[in-house]
Structures are given as structure tokens and as C-alpha cells.
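Engineer: got a structure for you, letters missing:
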């Protein structure tokens, strides 16, 4: 039963034509505590219609509303508060979860392919904490979009092209050693890259050399290309190891280099449509009518830019995947770039530009400072994950020294803690990373949610009684847990529509807190008529916590 719709219908009958059902649905609020009801309707919107004080309108509406389907309907100030029939709600929610646990919360909000441009580390640089956000936000969005009917395609648009390779190759030739790179590829490649920038501050000619070498790479110089290919291959080995730790898989590793032979078609079309203009020797598209800076398509030396390549990628993905949406999970600082990208495609006459969405996010800082490879201020992602696993291992040894598969659980908890901490923050918020706070078993953390799930499983293992969702559950102390369980489909819808995984993470914390409060104040394993129903609720909590964590890309061990 759709209980919200039940409230809307009751109000529609009482207000007649004064408000539409959609207006009522949008006005409905959820009270902060259950003792104020489960839905609250503010009557202020009707004050001008009825020429009465909201308090009087609320009292009048309560007289008109058919209260039979509800436990109670009360006027509180200018609000009409609805108390749902708890027994019916418990029965409907628990049977829905028990009948199809894997698909509870599935929705059909849309269909079709949705390429997601995500992660996209630069070749020859280590994966740092700076790469975490795009990776885990993109992965969570893919899971959420799958849950609501879409077919996501996860694309790792590798940074495997550009003038940084000119810099790296110049640095390698000047200060590098083949033996060192073979011994520890990423360490030495980063060392050369940082040294290049230090030396370039006093010797600007290095930048000119780097640009010239990159031009040779674009023109297919065999020796330069061989070095580039070697750096790419070594980097991918390291990336893959870290993606395996995070449990993230990709459908495509087509990076910037993949589009080398696909840019001319876009540039030619821009020329044919008279959209290219010369500006100080460079080729641009004027976007003044969109209140945007010009999009730079080609430099004065003929070298292409990110914009040219991203245009080629957008057209390739549209032709290859026939997408219904195309997402770019890229930092907030690139907002203008994607506004320009959409505007250029729009100028070319393609309405599918409207289906492209930039999914921006804030920064991770350390000690309040921005992370930067160029300045050598990086925190290696693999080290953070390994440190998190070790911290989890210590806490598990203290709480459960005899735990089977302790190493596997420590990996699930440590890595899960890092992922959850990122995703519980709203996308656009920046945050400072502190590992000790992240891998705590108490507070608003991933391990707290995982531990709650393990606790629910522990309860189920302690009894031979089978859960039964069709047995009436009348315990008022269970109400906040039941309401949270029933809200899961709405939460998924909100997360999908806003491209916001934090909605799921915050929900998982809310459900875990509600269950732990219930567990602390109620005896679950009392052998009475409602025991099977209480066990059905405990099992439902485990099902939904596991599902919510899975949407975030976090595992849920049954024991901790």
C-alpha cells in the first residue's frame, strides 16, 4: 500500500478543488519525531483561499477527513498530523521485503544507456586521495541508476595524453634511468615530473621543450610513442591493483589518446558550420550568447586541447551507446569546461547536449591543504586503504579475537570505511580527511553501519524460530525502524534524481541508529506470539542495510 498516497487522497477529498493532489503531495512534510505523527500537512497555503487562520483551517479539515484508515488524525497548530495504521504498515513493509529482498526498492525511473565518465587518473602518476571521489561517486551512481532501471556504462577516461607527457619525457631523458623505472615505475616517474616543475621555475625553456616533444608524440614519432606506451602500461598495472582493492570495475578504459583520430571530424564539422573563429592565431568557438568564455579548439601551433578531445568523446559516446544521459563525475572546478562543452554541441545543432550532465564534487584536503602531484603534496590512495585495513584489523581483534576470516573482514571494513566516509558527505562539500575518525566503529561511520548489520545477523543466529513477516507486529517501540524500512524506495528515488549518493549513506546511518536504539531498549528474543514478526523486522534491517551499503560500493560482513 502507498501510505503517502493514502494521506494525499484523504486530504484531496477534504479540500475538494482547492488544491490538486500534486500540490498536496509537494506540501506534505515528515515530522521530526514520531510522536508528532508520520505525515504533516501545513494549511498555510489555504489561508488566502479560506480567509481563515491556519489553526482554524487545520481544525476544520480534521472534522472533514475520513480518519478510518489511520490510527489518528490531529490538528496541531496550523498543521494536520496523520498517524499511520502501524500494524498495516508493518505487515505491508515486512512482507514486501521478505517476498523479494533483492529487489525491494527497485524502481523504473527510466531506461537506456548512461555512460559515466569517472575516476580518470593521469598516466605516470600515482592514484592519490584526490582520485577517490570521482571513483567512488561514479561507482555508486552506476549502482543507484541500475536500481532505478538504467544501464550504466562505467568509463575510465584515462589522462593518457597532453603536454604533461612532453614534460615527463623531457624529464626522463634528462634525469631518468630505465633501471629505476623498471624497478619502481610510478615512484620514479612522479619524481621526474616533480623535478621538471621545480627546474622549470628557473628555466622556462623546459616548457618549450615539453611542448615540442608532445607535438612529436601527436605526430607519431616512434621513440617518443614507445616511451609513452611504456609509461601507460606500467601505470595501468598499478591502477588495476587499487581498483581491485576498492571493488570497482570498468566497462571501458578508452582515455584521451583513444580520440586522437576522432577529433578531425569534429573540427571539420565546426568549420563547415562556420562556428570556428580565429583569435590570436588560435581557433575558438564564440559562446558569448551563453555568457561563457570562448571554447578553445586548437592552439596557435595546431595542438589540440581538452575541449577538442572531450567533444570527440561526446560524439563517440552518443554514436556508440545512443545514450539517454551522459554523466561526467569531475571536480567542481571544471564546471565552466562542461558548460562550454554542452554549449558547443548545442551550437552545432544537437539537442542531446541537454542530456549531458556534469556531476561536480568538492575537494578532499589534508590538514586544510589541497592535494597536488605537481607540488609533491599527495597522499597515496593505496597507502590510505592499507592503513585503514590495519586499523580495522586492530579493532576487530579487540572486539572479536576468534573471528573467522578476520583478514577478509578487516579488508571489507577498512576499505568500506574510506568509501562510506567519502559518500556520506554531500557531493559538493569539501572535507578534511582524518583516517582515525573514518575507521571508528562508533559514530557516523561505515563500520558503525556494518557492525549494526552484523548485530542483526547475530540475533538471527541465536534462535531456531523462523522470521514471519505475516505475523502482526504491534510493538510501538519498533515504529521508527519500520518507518525507515518503508522509506527505502523513496530514498533511492531521491538519490537517483539528485545524483547524490550521500542520500543513501545518510539513510543507512538513520536506519542503523533506529535499530540500535530499538535493540538497546527492547528484548527481541522473547518467546511470545510476536517473536517471528520481530525477527522478520531484524532480517529486514539486515537486508536493507546490506542493500544500501552495496549501492555505495561497500560490503556488509555478516560477522565482525
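Structural biologist: Everything's here; your move. Because the structure is predicted, anything quoted here is derived from the model rather than measured. Residues are numbered from 1 along each chain as shown.

Engineer: by contact count, what packs against the helix or strand of the chain with the lowest mean pLDDT?
Structural biologist: When the helices and strands of the chain are scored by mean pLDDT, DSSP states H and E, strand 369-370 comes last with a mean of 71. Strand 369-370 is packed against no helix or strand, with contacts defined by 3 or more CB pairs under 8 Å, 6 or more residues apart in numbering; DSSP states H and E. All C-beta spots, glycine's among them, are computed from the backbone N, C-alpha and C.

Engineer: what sits against the residue nearest in space to the middle of the chain?
Structural biologist: Geometric centre of the chain, nearest residue: residue 137, 3.0 Å, by CA atoms, centre = their mean. By CB atoms under 8 Å, 6 or more residues apart in numbering, the contact set of residue 137 is 118, 329, 359, 361, 422, 423, 427, 501.

Engineer: please apply the same query to residue 143.
Structural biologist: Counted by CB under 8 Å, 6+ apart, residue 143 has contacts 550, 551, 552, 553.

Engineer: buried ones in the top helix by length along the chain?
Structural biologist: Among the elements of the chain assigned as helix by DSSP state H, the one spanning the most residues is helix 222-246. Within helix 222-246, the residues scored as buried using 16 or more other CB atoms under 10 Å are 224, 227-228, 230-232, 234-236, 238-239, 242-243, 245-246.

Engineer: picking that back up, sheet-wise, list the partners of the least confident helix or strand of the chain with their directions.
Structural biologist: If you go by DSSP bridges, strand 369-370 pairs up with strand 364-366 (antiparallel).

Engineer: would you mark the buried spots in the strand it pairs with?
Structural biologist: 364, 366.

Engineer: still on that earlier bit, tell me the mean pLDDT over the longest helix of the chain?
Structural biologist: Mean pLDDT, helix 222-246: 93.

Engineer: mind giving me the packing neighbours of it?
Structural biologist: On a contact count with 3+ CB pairs under 8 Å, 6+ apart, helix 222-246 meets helix 132-147, helix 163-175, helix 185-200, helix 205-218, helix 381-399, helix 406-424.

Engineer: try 7 Å
Structural biologist: helix 163-175, helix 185-200, helix 205-218, helix 381-399, helix 406-424 (3 or more CB pairs under 7 Å, 6 or more residues apart in numbering; DSSP states H and E).

Engineer: buried deepest among those, which one?
Structural biologist: helix 406-424 (a mean of 24; mean count of other CB atoms under 10 Å).

Engineer: show me what it is packed up against.
Structural biologist: The contact analysis (3+ CB pairs under 7 Å, 6+ apart) places helix 406-424 against helix 132-147, helix 222-246, helix 381-399, helix 435-438, helix 446-461, helix 502-521, helix 531-552.

Engineer: if we use 10 Å, what do you get?
Structural biologist: Contacts defined by 3 or more CB pairs under 10 Å, 6 or more residues apart in numbering; DSSP states H and E place helix 406-424 against helix 132-147, helix 222-246, helix 381-399, strand 431-432, helix 435-438, helix 446-461, helix 502-521, helix 531-552.

Engineer: distance to residue 99 added to the ones you listed, as a markdown table?
Structural biologist: Listed next are the helices and strands packed on helix 406-424 as a markdown table, based on distance: least, CB to CB, whole Å:
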| stretch | distance to residue 99 |
| --- | --- |
| helix 132-147 | 18 |
| helix 222-246 | 33 |
| helix 381-399 | 34 |
| strand 431-432 | 39 |
| helix 435-438 | 37 |
| helix 446-461 | 18 |
| helix 502-521 | 20 |
| helix 531-552 | 11 |
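
Engineer: what's the closest of those to residue 320?
Structural biologist: With CB to CB as the criterion, residue 320 lies closest to helix 132-147 of the helices and strands packed on helix 406-424, at 17.3 Å.

Engineer: quick one, the helix or strand following that closest one and helix 132-147 angle?
Structural biologist: Downstream of helix 132-147, the first helix or strand assigned by DSSP states H and E is strand 151-155. Interaxial angle of strand 151-155 relative to helix 132-147 (axes from the mean of the first three to the mean of the last three CA atoms, to 10 degrees): 160 degrees.

Engineer: other residues contacting strand 151-155?
Structural biologist: 110-120, 135, 138-139, 141-146, 248-255, 313, 317, 320-321, 323-329 (CB atoms under 10 Å, 6 or more residues apart in numbering).

Engineer: so which of the helices and strands packed on helix 222-246 gets nearest residue 305?
Structural biologist: Once the helices and strands packed on helix 222-246 are compared by CB to CB, helix 163-175 is nearest, at 9.7 Å.
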